[in-house]
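**Student:** How does the following fold in three dimensions:
(2 chains, ligands or ions: 2)
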Amino acid sequence: MATTTRRRTVELPEHPDFLWTARVTPKKVYDVIIIGGGGHGLSTAYYLAKNHGITNIAVLEKGWLAGGNMARNTTVIRSNYLWDESAGIYEHSLKLWENLEEEVGYEMFFSQRGVMSLAHSVSDLRAKSRNYHANKINDIDSEWLTPEQVKEIAPIVNINPDVRYPVLGATYQPRGGIAKHDWVAWGYAKAAADMGVDIIQGCEVTGFDIREGKVHGVKTNLGPIAAQKVGMVAAGHSSVLANLAGFDIPIQSRPLQALVSELLEQVHNTVIMSGMVHVYVSQAHKGELVMGAGTDAFNSYAQRGGFHVIEHQLAAAIELFPIFERAHLLRTWGGIVDISPDASPIIGRTPVDNLFINTGWGTGGFKATPASGWTMAHTIATGEPHELNAAFNLERFVTGHLIDEHGAAGVAH
Amino acid sequence: MLNIPCPYCGPRDETEFHYGAGANIFYPEPASATDEEWSKFVFIRENPKGWHAERWVHSAGCRRWFNVWRNTITHEFGPTYKPFTDQPKRPA
Ligand SMILES: Cc1cc2nc3c(=O)[nH]c(=O)nc-3n(C[C@H](O)[C@H](O)[C@H](O)COP(=O)(O)OP(=O)(O)OC[C@H]3O[C@@H](n4cnc5c(N)ncnc54)[C@H](O)[C@@H]3O)c2cc1C
Ligand SMILES: [Zn+2]
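**Tutor:** Numbers count the residues shown, from 1 in each chain, chains lettered A, B, ... in the order given. Ligands and ions are numbered 1, 2, ... in the order given. Now for the predicted structure:
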């Protein structure tokens, strides 16, 4: 933008010094151990306590709370996926979001500003229109927009037909939006801790106590900890843990990057994704433009990606949003995401009894934080999947019942 | 961006290459393979934190495939080798 004002458009409230009592030494025995203090691990612990009355839980986090993908994502929330199974779990998640701040008693800046997904070619139009109709059938709010309607909602989009990838139409989910990811983690952590859950940071799981095909606890850098049940909710590190427990999962860990601009005046009040040119943009409450791109091509655990990926994404952004041309890049970063073969998650039992897994959310699990925890908690508490996650089992890669969301999973979320 | 050691052309920018994921994947016996074996062949790839044997093709250069050890924590490259030849030892 030619003239940039560094005005903070939303003042965030101050944080208290401590939101929960930090327990440094774990107890010797827990009913349930959750490995991973990202959004999904925390929400699993929260719903185990809230929905199932299990409170003797430890969440073990090798680094610091939400230092993985949870506080690295671009916070896009929506539920307009293609297949019925996905509609079920993502829509349940969106409904939980709609009441979450009130329920956990913590601000999360959940903002239903709408999510738009642009189509740029004939085949893109067909795929998006199929998706739009599938959403209608599943009672998910979905609108079809012409380029002119795109421009009405988001005046900064370039709908000139003479560009390389013109905007030909779009799907729009008005109930979609964004939230502040770190606040979501803190909210779940505080609410879980208030119910008695121990959140232990700096505690890395380095092995499992497995006897006769059943898990009895974990080994950690802070010593062994026993538990009746263990849930692995480790996102990009899921394969490492599964291998420690003696089985393989169909996951590849890849870098996914995002970036923010300097703080700018509010010019963009919705979320726009374009799978074809590989960019998506929202503007955060404080004013920075938040953009994401595709994953780097190769496996990595390095939490950073190549700059050429950012370059590609910014070239696309500037064609779509010429107003961004003079904006300055403030920060880029990467997270390691857990890519599954069908772009759908895996939530369920494992070959080891009482050991459960939640992984494969890849580039798009932030939106599912509530429902992921909800269904994982049910699966751990009852030993059986909830109806919403039954199809997202590990066995589908043998039976062939895949839930292919490559189209609807879009660019990166 | 990675700097990839093509065994034929020397070190070149990553953008000249395409990634071919894990190396050493062998086609199962079609007539007798079980569903589990097919699943393993189609979906299961190693995903180690550390040294990984993987394939790259130098698409914008010599267009040849090769295998290489690469460290997934540091992005450091180890020895390259031809597909289906003896794999050099995993670097320490
Ligand atoms: C750049 C980027 C942009 C994204 N954008 C979006 C988006 O717009 N919308 C969306 O829906 N999703 C998005 N995602 C995806 C989303 O962030 C993830 O799917 C989601 O956060 C994964 O669940 P999590 O929060 O539990 O993961 P994480 O926060 O990664 O939590 C896993 C935790 O497990 C811990 N751990 C791992 N191994 C061990 C061990 N051995 N012992 C103890 N702890 C361990 C890790 O340290 C980590 O904290 C994005 C991701 C990235 C990286
Ligand atoms: Zn070459």
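
**Student:** following the lengthiest helix in chain A, which helix or strand comes up?
**Tutor:** As assigned by DSSP state H, the longest helix anywhere in chain A is helix A:84-104. As assigned by DSSP states H and E, the chain's next helix or strand after helix A:84-104 is strand A:115-119.

**Student:** Below-threshold pLDDT in chain A: ranges please.
**Tutor:** A:1-11, A:408-413 (pLDDT under 70).

**Student:** Now with 50, please.
**Tutor:** A:1-8 (pLDDT under 50).

**Student:** List the beta-bridge partners for the spatially most central residue of chain B.
**Tutor:** Centroid-nearest residue in chain B: B:E54, 1.6 Å away (criterion: CA atoms, centre = their mean). Beta bridges link B:E54 to B:G22, B:V68 when assigned by DSSP bridges.

**Student:** who touches residue 83 in this structure?
**Tutor:** Answering for chain A, as no chain was given. A:W83 makes contact with A:A134, A:I403, A:D404, A:E405 under the criterion CB atoms under 8 Å, 6 or more residues apart in numbering or on different chains. (C-beta placed from N, C-alpha, C; glycine too.)

**Student:** not quite, I wanted chain B
**Tutor:** By CB under 8 Å, 6+ apart, the neighbours of B:P83 are B:A23, B:R55, B:W65, B:F66, B:N67.

**Student:** For the residues you listed, please prepare a markdown table with the additional fields distance to B:I44.
**Tutor:** Listed next are the contacts of B:P83 as a markdown table, based on distance: CB to CB, whole Å:
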| residue | distance to B:I44 |
| --- | --- |
| B:A23 | 14 |
| B:R55 | 16 |
| B:W65 | 21 |
| B:F66 | 23 |
| B:N67 | 18 |
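
**Student:** Now the buried members of those residues.
**Tutor:** Among the contacts of B:P83, those classed as buried by 16 or more other CB atoms under 10 Å in any protein chain shown are B:A23, B:R55, B:F66, B:N67.

**Student:** can you name the two of those residues that are farthest apart?
**Tutor:** Taking CB to CB, the two most distant members of the buried ones among the contacts of B:P83 are B:A23 and B:F66; they sit 9.4 Å apart.

**Student:** Now A:S239: closest residue in space that isn't a chain neighbour?
**Tutor:** B:N47 (3.8 Å; CB to CB, 6 or more residues apart in numbering or on different chains).

**Student:** Could you report the pLDDT at that neighbour?
**Tutor:** Looking at B:N47, its pLDDT reads 98.

**Student:** can you pull out the strands in chain B?
**Tutor:** B:3-6, B:10-13, B:18-22, B:51-57, B:65-71, B:77-81 (DSSP state E).

**Student:** Rebuild those strands as a markdown table, extending it with distance to A:D194 and mean pLDDT.
**Tutor:** Converted to a markdown table, these look like this (distance: least, CB to CB, whole Å; pLDDT from 0 to 100):
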| stretch | distance to A:D194 | mean pLDDT |
| --- | --- | --- |
| strand B:3-6 | 50 | 97 |
| strand B:10-13 | 52 | 97 |
| strand B:18-22 | 44 | 96 |
| strand B:51-57 | 42 | 98 |
| strand B:65-71 | 43 | 97 |
| strand B:77-81 | 49 | 96 |
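
**Student:** rewinding a little: of the contacts of A:W83, which is the most crowded?
**Tutor:** Neighbour count (other CB atoms under 10 Å in any protein chain shown) singles out A:E405 as the most crowded of these, with 21 neighbours.

**Student:** Isn't that one up against A:P345?
**Tutor:** No. At 9.5 Å, A:E405 and A:P345 do not qualify as touching, with contact defined as CB atoms under 8 Å.

**Student:** A:M195: neighbour count?
**Tutor:** The burial count for A:M195: 15, using other CB under 10 Å.

**Student:** same check, this time on the one 5 residues further on
**Tutor:** Around A:I200 sit 22 other residues, with neighbours defined as other CB under 10 Å.

**Student:** right, and the helix or strand after the helix or strand encompassing it?
**Tutor:** Per DSSP H and E, A:I200 falls inside strand A:198-201. Toward the C-terminus, strand A:198-201 is succeeded by strand A:205-211 as the next helix or strand (DSSP H and E).
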